[in-house]
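Q: have a look at this prediction, sequence included:
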Amino acid sequence: MAIIMDGNRLSRDVRNHVTSEALRLKQNRGIVPGLAVILVGEDAASKIYVKRKESACKEVGFLSREFRLPHDTTQKKILQIIRELNHDQSIHGILVQLPLPGHINPDTVIETIDPRKDVDGFHPWNVGRLFSGDPYHIACTPRGIVEMIDRHGIEIEGKEAVIVGRSNIVGKPLALLLLNRHATVTICHSRTKNLSEVTKRADILIAAAGRPEMIKSGMIKDGAVVIDVGINRLDNGRLVGDVAFAEVAEKASHITPVPGGVGPMTIAMLLVNTLKAASL
Ligand code: GUN
């Protein structure tokens, strides 16, 4: 039976560290880290994520400013808010929750954020810094995954890492992060042929495809480390990841649960990035 990588526990350790660092920052320099969170529209999942981010901020003593905008907000209005926040000394991090409504261009929105306040790590400047091996703000989910691996004392260097999913938010930045840590990295996606032949090579397998329980035990190597980024609601209401947890846990050495795995780490890394932005 695999070791369960408990994201709730690991993220609590990170949040405790952030809390004490934030206190030091306030005592020594009078700075309170401030995060602005912008949510446009009524996406149900986004509302939950945003609420979690805001309450995490408050828990560690950050200032949290919330912008809940109606679905029909113009792009111009959003850009205007971002430009004001870029110049606001009390705000160190700016986060626009994705996805945005169809009439708004997410690239334009992200490129308007001051890269030093882009605590999601989505701005091309931050993506480029990661690409060149000298990252500034690293996207929260990939960073949280590497943090989980590190905190379990699992070596990355020289390992075969296989990522299923090539999104800009998870798959691609995670590949760069693991490459920077000297893993041999393969990215698979919906058009990959013989997927299970590739996934079976993985010492570290990351599932980030958004397809419920697609990774079966027959697709992994004995003793693999299996990280599940998926979060899917089944018709019967059950919440599952991209990994068939029960059967894969029999064969893996380490596995993350859903919920309570990667999700809490994503939020913890948002706090770490915001603390960094405030400390400079
Ligand atoms: N939507 C899904 N994941 C994320 C994330 O990490 N940040 C933002 N801003 N939106 C998301």
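A: Looks like it arrived, so ask away. Predicted model, so just to flag it, every value in this text is computed and none were measured. Numbers count the residues shown, from 1 in each chain.

Q: I figured residue 224 hits residue 253, correct?
A: Yes: using Cβ atoms under 8 Å, residue 224 is in contact with residue 253, at 6.7 Å. Glycine gets a C-beta too; all of them are placed from N, C-alpha and C.

Q: comparing the two, which residue is more hemmed in?
A: More crowded of residue 224 and residue 253, by other Cβ atoms under 10 Å: residue 224, with 24 against 16.

Q: what residues are up against that one?
A: 202-205, 251-253 (Cβ atoms under 8 Å, 6 or more residues apart in numbering).

Q: identify the farthest-apart pair in those residues.
A: Among those, the pair separated by the greatest distance (Cβ to Cβ) is 204 and 251, at 14.3 Å.

Q: the more surrounded of the two?
A: residue 204 (22 against 19).

Q: residue 183 is in contact with the more buried one, correct?
A: Yes: the pair residue 204 / residue 183 is scored as a contact, 7.0 Å apart, by Cβ under 8 Å.

Q: secondary structure element for residue 46, which one?
A: Assigned by DSSP states H and E, residue 46 belongs to helix 44-59.

Q: so is that helix next to the ligand?
A: No: using Cβ under 6 Å from any ligand atom, helix 44-59 stays clear of the ligand, coming no nearer than 6.6 Å.

Q: output the contacting helices and strands for the helix or strand following that helix.
A: Sequence-wise, the next helix or strand downstream of helix 44-59 (DSSP H and E) is strand 63-69. Secondary-structure packing of strand 63-69 (3 or more Cβ pairs under 8 Å, 6 or more residues apart in numbering; DSSP states H and E): strand 34-40, helix 44-59, helix 75-86.

Q: now residue 39: how far from residue 53?
A: 10 Å (Cβ to Cβ, to the nearest Å).

Q: tell me the strands beside the worst-scoring helix or strand of the chain on mean pLDDT, with direction?
A: Within the chain, no helix or strand scores below strand 232-233, which has a mean of 94 by mean pLDDT, DSSP states H and E. Strand 232-233 has the following strand partners under DSSP bridges: strand 239-240 (antiparallel).

Q: got the contact list for stretch 69-81?
A: Under Cβ under 8 Å, 6+ apart, the answer for stretch 69-81 is 38-42, 67, 96, 101, 103-105, 108-109, 112.

Q: give me that answer again for 7 Å
A: 38-42, 67, 101, 104-105, 108-109, 112 (Cβ atoms under 7 Å, 6 or more residues apart in numbering).

Q: ok, of these, which come out buried?
A: 38-41, 67, 101, 104, 109, 112 (16 or more other Cβ atoms under 10 Å).

Q: can you list the residues of the stretch 51-200 of the chain near the ligand?
A: 95-98, 120, 140-141, 169.

Q: before we move on, back to that, mind listing the shared neighbours of residue 204 and residue 183?
A: Counting by Cβ under 7 Å, 6+ apart, the residues touching both residue 204 and residue 183 are 159, 161.

Q: run a quick neighbour tally on residue 72.
A: Residue 72 has 10 nearby residues by other Cβ under 10 Å.

Q: could you tell me the end-to-end distance of stretch 176-191?
A: The first residue of stretch 176-191 is 21 Å away from its last residue (Cα to Cα, to the nearest Å).

Q: quick one: mean pLDDT for it?
A: Mean pLDDT, computed over stretch 176-191, is 98.

Q: contacts for it, please.
A: For stretch 176-191, using Cβ under 7 Å, 6+ apart, the contacting residues are 130-131, 133, 138, 142, 146, 156-166, 171, 175, 195, 198.

Q: sitting in helices, which of these do you find?
A: 130-131, 142, 146, 171, 175, 195, 198 (DSSP state H).

Q: top of those by neighbour count?
A: Busiest of the ones in helices among the contacts of stretch 176-191 [other Cβ under 10 Å] is residue 142, holding 28 neighbours.
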